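In: show me how the following folds:
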Amino acid sequence: MILKKTLLCVIVILLSAGFAAAATLNVGTGQTYSTIQSAVDAASPGDIISVGEGTYAENIVIKKNDISVIGKNKEKTIIDSKKIGSGIRIDQANNVKISGFTIQNSGGSGKEDAGITIYSAHNNMVANSIFTNNVAGISIYSGSNNNIIAGNDIKANGNNGIFIFSSSSNKIYNNNIQKNKFGIYADSARENSIYSNNFIENNNQAYDNSGLNSWDDGKSGNYWSTYSIQGNKNSRDNYPLSKAVTIEEVPVLTTPPPQEQAAQEPKLKGETEKSSPGFTVVLVLISLIIMGALRTRKIE
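Out: Just a heads-up that it's a prediction; the model follows:
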C-alpha cells in the first residue's frame with residue numbers, strides 16, 4: 001500500500017512539472033490583453049507576447065527575464081511614447097527579445113531615453129523594427145553587455161540612432177542607420193562589434209571615444225555614404241563597404257533558453273501542455289522501477 005501511494009505521488013509530481021510550459025499572451029482589440037504592459041505584467045519566463053496591429057500609447061517597462069514581445073507587422077504595430085519616456089525599457093532583465101514594431105516619439109524623462117532602452121541588462125535582442133522621431137532610436141546603457149541589435153531601420157531620430165554608454169560586447173549588425181544627428185554614439189564603451197550596417201546621411205556618422213570597439217568583423221565593415229568616425233584616432237572601419245547592405249529580417253528564437261526550460265511550441269495559457277519525450281521516458285522508467293518493487297514485494 002505504501003509503495004502504491006508513493007507511485008501515485010511521484011506520477012502526480014512529475015505530471016505537474018511536465019505540464020508547465022511557455023504560453024502565448026495575445027494583445028490587441030478583442031484579445032485577452034488590451035495593453036502590452038498588462039501582458040508583460042502577466043507573463044512568466046518563456047512566454048511570448050504577441051501584439052496585434054494598432055497604435056499603443058505606452059511606456060513599457062520589462063523587468064522579467066526570458067520573455068519575447070513580438071509585433072504582428074512592424075509597419076502597423078506602433079508604440080507611441082508621447083515624449084514621456086522610452087517606448088520600451090528593458091530594466092535589469094535578461095534574454096528578452098523584441099521584434100516587429102514601429103517605435104516613435106520617445107524622450108522627456110532622462111538621458112537614457114530611447115525608442116528602446118536596454119538598462120543594465122544582458123543577452124537581449126532588438127530586431128526587425130523601425131525607430132523614428134525618438135530622442136534616440138536605441139540606448140544600450142550602464143553596463144548592458146552581450147545584446148544584439150539587428151535587422152532594424154533607425155532613421156530621423158533627434159540625437160542618436162544608437163547610443164552605447166559604458167557597455168561592452170554588444171553586436172550591432174544589419175541595420176539601416178539614416179538621417180540621425182549621430183548614427184552611433186559610443187561613450188566609454190568597449191569591445192562592441194559594429195559591422196554590416198548602413199550609415200547614410202547622418203549629420204555625424206559615428207563617434208567612439210574609447211577606440212576599443214570593432215567597426216568591422218575582420219573581413220567586412222559598414223557602408224558609409226560619407227566615411228567618418230569621430231573621437232579616438234584608433235576608432236576606424238578597416239573594411240568599409242563599397243555599396244549599401246540589403247537589410248534583411250533576422251530570425252528571432254522565441255523559445256526559452258535550454259538551461260531554464262526545454263524548447264516547446266507556444267500554447268495559450270490554460271491549454272493542456274504536452275510533456276516532452278525526455279519527460280515521458282523518465283516517467284516510464286520510474287513507474288517500471290516502482291512496479292517492479294511492488295511485484296517483488298508480492299512474491300516475497
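
In: please count neighbours and contacts with C-alpha atoms only from this point.
Out: OK.

In: can I assume residue 83 is in contact with residue 113?
Out: No: with contacts counted by CA atoms under 8 Å, residue 83 stays clear of residue 113, the gap being 9.5 Å.

In: now do the shared contacts for those two.
Out: The contact sets of residue 83 and residue 113 overlap at 106, 107 (CA atoms under 8 Å, 6 or more residues apart in numbering).

In: residue 219: neighbour count?
Out: Residue 219 has 9 neighbours, counted by other CA atoms under 10 Å.

In: quick check: pLDDT value at residue 254.
Out: Among the per-residue scores, residue 254 holds a pLDDT of 80.

In: neighbour count: residue 83 and residue 113, which is higher?
Out: Between residue 83 and residue 113, counted using other CA under 10 Å, the more crowded position is residue 113 (27 against 19).

In: three-state assignment of that one?
Out: Put simply, residue 113 is coil when judged by DSSP: H, G, I helix; E, B strand; the rest coil.

In: what separates it from residue 119, distance-wise?
Out: For residue 113, the distance to residue 119 (CA to CA, to the nearest Å) stands at 10 Å.

In: same thing with residue 249?
Out: Residue 249 is 25 Å from residue 119, where distance means CA to CA.

In: show me what the residue nearest the centre of the chain is bridged to.
Out: Residue closest to the average C-alpha location in the chain (CA atoms, centre = their mean): residue 97, at 2.0 Å. Residue 97 has the following beta-bridge partners by DSSP bridges: residue 68, residue 125.

In: that one contacts residue 125, correct?
Out: Yes: Residue 97 is within contact range of residue 125, at 4.7 Å (criterion: CA under 8 Å).

In: find the nearest non-adjacent residue to residue 146, please.
Out: In space, residue 146 comes closest to residue 170 once its chain neighbours are excluded; the distance is 4.5 Å by CA to CA, 6 or more residues apart in numbering.

In: tally of neighbours for that neighbour?
Out: A count of neighbours around residue 170, defined by other CA under 10 Å, yields 25.

In: show me what contacts it?
Out: Residue 170 makes contacts with 145, 146, 147, 148, 149, 191, 192, 193, as judged by CA under 8 Å, 6+ apart.

In: dump the residues you listed into a markdown table; add pLDDT as well.
Out: Below are the contacts of residue 170 laid out as a markdown table (pLDDT from 0 to 100):
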| residue | pLDDT |
| --- | --- |
| 145 | 98 |
| 146 | 98 |
| 147 | 98 |
| 148 | 98 |
| 149 | 98 |
| 191 | 98 |
| 192 | 98 |
| 193 | 98 |
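
In: check residue 283 and give its pLDDT.
Out: At residue 283, the model reports a pLDDT of 45.

In: OK, contacts around the residue nearest to the centre of the chain?
Out: By CA under 8 Å, 6+ apart, the residues touching residue 97 are 66, 67, 68, 69, 70, 124, 125, 126, 127, 252, 254.

In: isn't the fifth one up against residue 49?
Out: Yes: contact status for residue 70 versus residue 49: in contact at 6.1 Å, counting by CA under 8 Å.

In: low pLDDT regions in the stretch 1-150 of the chain?
Out: The model of the stretch 1-150 of the chain has pLDDT under 70 over residues 1-21.

In: which residues in it form helices?
Out: Assigned by DSSP state H, counting those that start in this stretch, the stretch 1-150 of the chain shows helices spanning 2-18, 36-42.

In: can you show me the strands along the stretch 151-300 of the chain?
Out: 153-155, 160-165, 171-173, 176-178, 182-187, 193-195, 198-200, 204-208, 223-224, 229-231, 267-268 (DSSP state E, counting those that start in this stretch).

In: can you give the strand pairings for the fifth one, parallel or anti for each?
Out: Counting by DSSP bridges, the strands paired with strand 182-187 are strand 160-165 (parallel), strand 204-208 (parallel).
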